[in-house]
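1. Structure, please.
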Amino acid sequence: MAKVMTNLRVSQDKVQLLMARQSKNPYDLCSAARISYASYRRIMKQGSCKLATLGRLAEALGCDVTEIIEG
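-> Purely as a prediction, here's the structure:
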């Protein structure tokens, strides 16, 4: 059985740096990732989200998931 990675933490600094490079604000990112602004705020505060949401954030930022997780 494959091991499920459940301890992935979203790096607020990395997400914000990528947003700045692309001149995106949080609302632009939320729209592109198809998440609510409230979800974005929770993710940035807690550092965690569902794997699918993590994938959508990475896709919206045009990067690989590994570029926005801590570690």
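2. show me the contacts for the most centrally placed residue in the chain.
-> Centroid-nearest residue in the chain, with C-alpha atoms, centre = their mean: Leu57, separated by 4.1 Å. Contacts for Leu57 (C-beta atoms under 8 Å, 6 or more residues apart in numbering) come out as 10, 15, 29, 33, 35, 43, 49, 68. All C-beta atoms are positioned from the backbone trio N, CA, C, and that covers glycine.
3. Quick check: which of those has the minimum pLDDT.
-> Minimum pLDDT across the contacts of Leu57 is recorded for Cys49, with 93.
4. Which helix or strand contains that one?
-> Element membership of Cys49, judged by DSSP states H and E, is empty: it is in no helix or strand.
5. Distance of it relative to Val10?
-> Cys49 sits 6 Å away from Val10, going by C-beta to C-beta, to the nearest Å.
6. any common contacting residues for these two?
-> Joint contacts of Cys49 and Val10 (C-beta under 8 Å, 6+ apart) are 43, 57.
7. show me where the chain has strands.
-> Ranges of strands in the chain, per DSSP state E: none exist.
8. Low-confidence stretches in it?
-> Counting by pLDDT under 70, the low-confidence segments of the chain come to 1-6.
9. Helices of that one, start to end?
-> Remark: helices assigned in the chain by DSSP state H are 12-21, 26-33, 37-46, 51-61.
10. Could I get the buried residue list for the last one?
-> When neighbours are counted by 16 or more other C-beta atoms under 10 Å, the buried residues of helix 51-61 are found to be 53-54, 56-58, 60-61.
11. The second one now?
-> Of all the residues in helix 26-33, those buried under the rule 16+ other C-beta under 10 Å are 29-30, 32-33.
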